[in-house]
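Colleague: no FASTA, just this:
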């Protein structure tokens, strides 16, 4: 079967293949607004599913959703020096409102720590007011130079959690807990095996004491940061004067965290699982899990389709009948390019021999199933099998592209041959990190807790302090 | 019982009462960003509930969610002359990105017709591609001078539906259908009796052929526009060159509609239903319908509370136990100010005589109920009764504040005494509409299909063409 929209082969040109899949599956499109994309219904439905699952987890852990303003006055942004240095080069400035020049410029939020601090300040007095556990789903803007749908664009959608605590211990526990949610979400829901660890000083979020990160490996061996969780300590509270009276009746600066994931995860999903025929979605994140395609308009066929659809929906499987006026071949190709995990084909001839055909999107395998089968159980199991198989294939690919380097030369050879996750020891000095970056832009992805593999720093040969995973990043 | 946070009496100062309720119920707060508000968790939860119910309806009718960019290039905005004239005085302009002046200014979307047109243009070729039924949930910005939480602020959240059709008939049907959804939502879910009709030429949306509107009356007799649906005909398609090949194989401009509701509906909810004790929410829109307050920490009491909570949750009633370390009196007041429709109080003494106490938020009535009662059915029914009673009270209030005027003098007397919905006939001329506006800013709210009440225009005395509802607006 050939797709009706040409997709470049993944092995030939990964970047072009990626864009082709995004376009062919109608996930997103470029817009007349430089650097901004249109998220089309197929793409937005994936984001809604991500929101639904994550939001439920956040709420289960006691977080409440709220909404801060889109705009930040210049003086408010500038109170935290590290933050402003990190973000100033990449914010958009509103300088005119209506027909008047503004007295003070306003930037479009690149992130909302400053706004949350401004809010906390007036709403927290005592330890009895703590913790505050907030989250918001919104758009943010960073003045990027390149545009790649979902991976890099000026505007993107995300969730940003912001929490305020009475103690260091509680805030650090929150930072770790939310990283746990992201790790779980990637592994269990997106079927993306990922590793968690700590960012180096150089790679942490501007203004954080430390940043925890979840890192995934794409099919081509390039790494993608997939969720970060920041521990701020009292840094922001000092800059924005967020104090509370503690249990000992003393004034103290409150402890903060923030954590976020973005529409970038859609990019990750594509680059881990999709193939030359288009999008492939793990069943747990697929907005539509099953498509039923009647072949011909025979009444018996249509009735069987309706009956199966009802049965599946009744069992919480999101299925639908494609009864549009297109040819069956066209419908098959469309379901395939759109990544619907399971396709059920019902034809008159098959029915006559008491069979229907089931096609898996991930393996493109076709299975002939008797009409006597308990279909809802069968499909339920099949969806779980697909989910598990997709994770395992991604895991195997990651293992194949995970390397150890003991010398800079080894690292260079690996990167020249096939990039991936490269494990290597590091002394902790910025100079060594920068020297390593000179090798094809290889950056530290995270410090892991795994056992050390050498006694010495791969770069300077001095005592190694950290076991670091390195890689080329998106 | 007195509230712990002082609320101005509604009869004394309606505007101050409104702001006091918003603050006391922690719905929203002002921010350091002039003209922008913070939507706090209690307010945002109402918005989430509104989104959930409306979104389900939109999808049932075949609409798909998507996401257009936040920014609009100046030249794109300017293509539709009426639209730009309507919105230019009230948009915010981004003129600087990163550290560079932009070559072309970008405005923050005040509404997204231009962006949808820009998208349609590249995605619609034939009548087979139609209809396109889109919706997006997002933030928009209009450079308002005043700020009143939920009623008027520079940034607000809304949904904007945008659809594209092959025929005039289909587009007009859509315009009417979506107005029907808004009307149903206000009457059935928000318990706000509202009237629907058509805007006059003067009051319609810039760029629309006509605008349908849903209008509600607040407790103080001021009117609130509560959902609008616009029929654009081919106007935008001509300006943005959105063509398709019709069934006769001829090129034609496509027919468009757009329709929207905003976080303003939260303001409407407050101004129709709330009282001197704080927020009152109709059960169908209340994020939390029932609070269970155990009095004392007796084990039997706590067990009963858990048992009731589980039973209610099991029956799809959103209840929760307030087991915080505050006094029962404080918890009662908090539940009251926050507008939780039903409060269940469980005390040791009541339990000893096999009773629990149930309090209705709307009437503040307390009911002693035997522990033998089937509580889930009882509460289910009670919630429906509250919903119905709230609608009926609001309806009665609206009837009391609905007037007929046959002369300008009568209209003036009504407005001086007590504003409300004023029915009066109109010839259709702008000059008369403007003269009426001179009476305390009274504006046409909508043209109704109701029977005429006079033969002559209330203003010029010439032949009346329209039966119009007039009023003072927010």
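Modeller: Done, it's in. Everything numeric here is computed off the predicted structure, so don't read it as measured data. Residues are numbered from 1 along each chain as shown, chains lettered A, B, ... in the order given.
Colleague: Residue A:243: neighbour count?
Modeller: Applying other CB atoms under 10 Å in any protein chain shown, we find 17 other residues in the vicinity of residue A:243. Bear in mind the C-beta positions are built from the backbone N, C-alpha and C, glycine included.
Colleague: mind listing what it touches?
Modeller: Each residue near residue A:243 by CB atoms under 8 Å, 6 or more residues apart in numbering or on different chains is listed here: A:124, A:237, A:251, A:252, A:253, A:254.
Colleague: got it, and residue A:444?
Modeller: In this structure, residue A:444 makes contact with A:199, A:200, A:202, A:203, A:426, A:433, A:436, A:468, A:469, A:470, judged by CB under 8 Å, 6+ apart.
Colleague: now do residue A:149
Modeller: When the contact criterion is CB under 8 Å, 6+ apart, the partners of residue A:149 are A:19, A:22, A:27, A:28, A:29, A:30, A:37, A:267.
Colleague: which among those residues are in contact with chain B?
Modeller: Checked against chain B using CB under 8 Å from any CB of the partner chain, the contacts of residue A:149 yield the following neighbours: A:29, A:37.
Colleague: Run the chain-centre distance for stretch A:197-206.
Modeller: Using CA atoms, centre = their mean, to the nearest Å, we find the averaged C-alpha position of stretch A:197-206 to lie 18 Å away from the chain's own average C-alpha position.
Colleague: Outside of that stretch itself, list whatever touches it.
Modeller: Contact with stretch A:197-206 is made by A:82-83, A:85-87, A:210-213, A:215, A:228, A:230, A:430, A:433-434, A:443-449, A:466, A:468-469, as judged by CB under 8 Å, 6+ apart.
Colleague: just to revisit the earlier point, go through the contacts of residue A:444 and flag which are in strands.
Modeller: For the contacts of residue A:444, the ones inside strands are A:426, A:468, A:469, A:470, with DSSP state E as the criterion.
Colleague: got the contact list for the first one?
Modeller: Listed by CB under 8 Å, 6+ apart, the contact set of residue A:426 reads A:432, A:433, A:444, A:457, A:458, A:459, A:464, A:465, A:466, A:467, A:468.
Colleague: any chance of these in CSV, with pLDDT and distance to residue A:221 too?
Modeller: CSV is the format used below for the contacts of residue A:426 (pLDDT from 0 to 100; distance: CB to CB, whole Å):
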residue, pLDDT, distance to residue A:221
A:432, 97, 23
A:433, 97, 20
A:444, 97, 16
A:457, 97, 24
A:458, 97, 19
A:459, 96, 22
A:464, 97, 24
A:465, 97, 27
A:466, 97, 22
A:467, 98, 20
A:468, 98, 17
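Colleague: so of these, which ones are in helices?
Modeller: By the criterion of DSSP state H, membership of those in helices covers A:432, A:433.
Colleague: circling back: in PyMOL, select just the buried ones from the contacts of residue A:444.
Modeller: Buried residues within the contacts of residue A:444, as defined by 16 or more other CB atoms under 10 Å in any protein chain shown, are selected in PyMOL through the command that follows:
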select buried, chain A and resi 199+200+203+426+433+436+468+469+470
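Colleague: The contacts of residue A:444 into TSV, with extra columns for distance to residue A:130?
Modeller: As requested, the contacts of residue A:444 are exported to TSV (distance: CB to CB, whole Å):
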residue	distance to residue A:130
A:199	27
A:200	31
A:202	32
A:203	30
A:426	37
A:433	36
A:436	41
A:468	35
A:469	35
A:470	39
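Colleague: count of neighbours near residue A:248?
Modeller: Each residue near residue A:248 was counted by other CB under 10 Å, and the total is 7.
Colleague: Report the secondary structure state of it.
Modeller: When classified by DSSP: H, G, I helix; E, B strand; the rest coil, residue A:248 comes out as coil.
Colleague: what does residue A:157 give?
Modeller: On the three-state scheme (three-state DSSP), residue A:157 is labelled strand.
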